[in-house]
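Colleague: what's the 3D shape of this:
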Amino acid sequence: MSNRNILQALQSAGGAGGAGLDVDEVFSTFLYEGNGGTQTITNGIDLTEGGLVWNKARDVGTYHALTDTERGGQYTLYSPTTDAQVDRGNDFITSFNSNGYSIGADGLINDTNSYVSWTFRKAPKFFDVVTYTGNGSGNQTFNHSLGCVPGMVIIKNTSRSGQDWWVWVNDSITANEGRLNDTGDFGYNVIGTVTDTTVQTLNQNQFATNYSGDSYVAYLFAHNNNDGEFGPDGDADIIKCGSFTGNGSSTGPVVDLGFEPQWLLVKNASASSHWYILDVMRGWDVGGSGTGTINLRANAEFVEQAMGLIDPNSTGFQVKTSGSFINGSGNTIIYMAIRRGSLNVPDDATKVFGLQNYSGTPSTGPQTGFVTDFSLLGQVTGGDKWYAGSRLTGINYMKANTAAAETTNQYQVWDRMDGAWTSAINGYMLWGWKRAPGYFDVVTYTGNGGGNRNITHNLGSAPGMLWLKRRDGSSPYGDWYVQHTGIAASNYLKLNENSAKTTSPDAWNSTYASADVFRVGSDNNVNTYEYIVYLFGTVAGVSKVGSYTGNGSSQNIDCGFSNGARFVLIKRTDGAGNWCLFDTARGIVSGNDFLLRLNNADAQSSDYDQVDPLSSGFTVVRNGQAEIDVNYSGLEYIFYAIA
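Modeller: Numbers count the residues shown, from 1 in each chain. Model prediction:
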């Protein structure tokens, strides 16, 4: 067992060994539909440890509602108002649970609207919430348990109306404070010294932070600077508070966080601008022709809006607008970013891969049971096939069986907790993947026309297979290029063709992908335009990328599974052969199997018995048929299987 897996085992067992909390244990973006009654929000956050719940309606102009465990579930604060806290009664947050929270029928958070909930759990090096009473005489100091100097502090008077939301950012960023409830620049000074254990408020404008007898709440957010204590090795950063200088160009600054963000709060501190909140659940597209960045504004009651503001990437983000509101030349732009999770290698394939032969209610769409990051969708018995889309690219999709450029489909939706696509897609099959360490990742990048270039990814281990596709154009440079460890590093296959492997050192620079990067060369198919890459890995008991030589009869392919493969993809590599897709939703049986081919739009066929069940993986057979796609004697094959 590797050190990484030993640490995960200790963490799962509640042991020490350096293992830390996962991102998904301390932060959640959760989308839900109000029902006007009661419901439980199960987001995986243990709020019995304490924390903050930040709710906002997405489709109507209502207040942001911030409620925390220190003040109690019936008390909330509104942004952008300057009101004191409001007692919403027993129908607001009715309980803080070990895996989320429960709500009543209060119309602010549970009317018949769409909502987003951001939940921050109290945890060292991540977040803390403190309440205190002002003393009105001299500086007020209160203790916190963050275990590091905060990167951002938000303080609000909870007992007196007319008081602003004061925001302090680390002094290395700017010496002044701003107000969360308005668009003004940073130019105030109401918070003094902040250390790794205390916060001192100043006497200027005493109502703001220290009026005698008034009650206050402080939200403290950490800044990890290579000292985070999260993930299986207990050494990962998950939150950063920082700043960058605007350049006034549509090719804006690139911010290196050291991780890919899932949530971002950003504000121009030098000028009047909104406080923008972005997250990957509601829609944070990278380039293309999709909906762009779906943002809410902490200082406004607006409904969410689509604007092309910022593109996330595997190591941070890049500003993509010249607008002065977020990229004014010479301006200081502050931000708080939270890392995309999870940090733990999956141990249950049903939590990261799902498939559904869909014939349900059109408005719900196919369900996987988990947050889906990539999907394939296609008619089983018809020819409308192989829509390949990702959360990272929004409503943009490409078809796996063609070289066509990216286009859009309004029914490919990702702002949901349990699948992808919606509307009238009866008769279609959906295969869905969740991003997870070692198992699956998605990367976008822009080519530079050069060669020998490394592209960073976040799989955390060397992938066994890559699918790479140009997004902004088609032939002659729009084919899906496939790297697979079952063929030479100087070879590639085409996902959209049944052709044999091709030798080209200009594709991958004759180098397999590593745990951190994959390499592209000077081939126009991989390094001149806009691209997306899907990375697939081997995880014990969950997924397997491998190869075998056909024997012309029957052979077992051991994947290390315990209950057989639910998904199998096979391709001949030394000659023409289809990308043969089998799954248990349509039937992997001891008899003729339902076969689909990723490289064409043919309806599924059941002409041959090609794959049989096997508890440790799957069995390939040939039974004397002319079909050579899976087990012809002496031919070479690659495969990808999921338990």
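Colleague: Can you list the low-confidence ranges for the stretch 51-200 of the chain?
Modeller: By pLDDT under 70, the low-scoring segments of the stretch 51-200 of the chain are 171-175.
Colleague: And the helices in it?
Modeller: 107-110 (DSSP state H, counting those that start in this stretch).
Colleague: Kindly report the same for the chain.
Modeller: For the chain, the helices defined by DSSP state H occupy 3-12, 23-26, 107-110, 206-209, 324-327, 505-508, 524-527.
Colleague: Summarise which helices and strands the fifth one is packed against.
Modeller: Packed against helix 324-327 by the contact rule (3 or more CB pairs under 8 Å, 6 or more residues apart in numbering; DSSP states H and E) you find strand 261-268. To be clear about C-beta, it is placed using only N, CA and C from the backbone, and glycine gets the same treatment.
Colleague: The same query, at a cut-off of 6 Å, please.
Modeller: Of the remaining helices and strands, none touches helix 324-327 by 3 or more CB pairs under 6 Å, 6 or more residues apart in numbering; DSSP states H and E.
Colleague: So what touches that helix?
Modeller: G246, G252, N268, S273, L309, V319, T321 (CB atoms under 6 Å, 6 or more residues apart in numbering).
Colleague: What's the per-residue pLDDT of the last one here?
Modeller: Translated: T321. We have a pLDDT of 92 for T321.
Colleague: now it: how far from W284?
Modeller: 14 Å (CB to CB, to the nearest Å).
Colleague: same deal with the fifth one?
Modeller: Remark: distance between L309 and W284 (CB to CB) = 9 Å.
Colleague: Compare neighbour counts for these two and give me the winner.
Modeller: Between L309 and W284, counted using other CB atoms under 10 Å, the more crowded position is W284 (26 against 23).
Colleague: who's in contact with that one?
Modeller: By CB under 6 Å, 6+ apart, the neighbours of W284 are L278, T293, P312.
Colleague: Run through the bridge partners of the first one.
Modeller: If I follow you right, that is L278. L264, N295 (DSSP bridges).
Colleague: same question, the last one
Modeller: Partner residues in beta bridges with P312: F317, with DSSP bridges as the criterion.
Colleague: Skipping its backbone neighbours, what lies nearest D415 in space?
Modeller: R282 (5.2 Å; CB to CB, 6 or more residues apart in numbering).
Colleague: how many neighbours does that neighbour have?
Modeller: Using other CB under 10 Å: R282 sits among 21 other residues.
Colleague: picking up where we left off before, indicate which one of the helices of the chain is closest to N170.
Modeller: Of all those, it is helix 206-209 that lies closest to N170, at 17.4 Å by CB to CB.
Colleague: residues of the closest one that come out buried?
Modeller: Under the neighbour-count criterion of 16 or more other CB atoms under 10 Å, helix 206-209 has Q206, A208, T209 buried.
Colleague: Same list, those residues, but as a markdown table with distance to D256 and pLDDT please.
Modeller: Formatted as a markdown table, the buried residues of helix 206-209 follow (distance: CB to CB, whole Å; pLDDT from 0 to 100):
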| residue | distance to D256 | pLDDT |
| --- | --- | --- |
| Q206 | 40 | 74 |
| A208 | 34 | 87 |
| T209 | 33 | 92 |
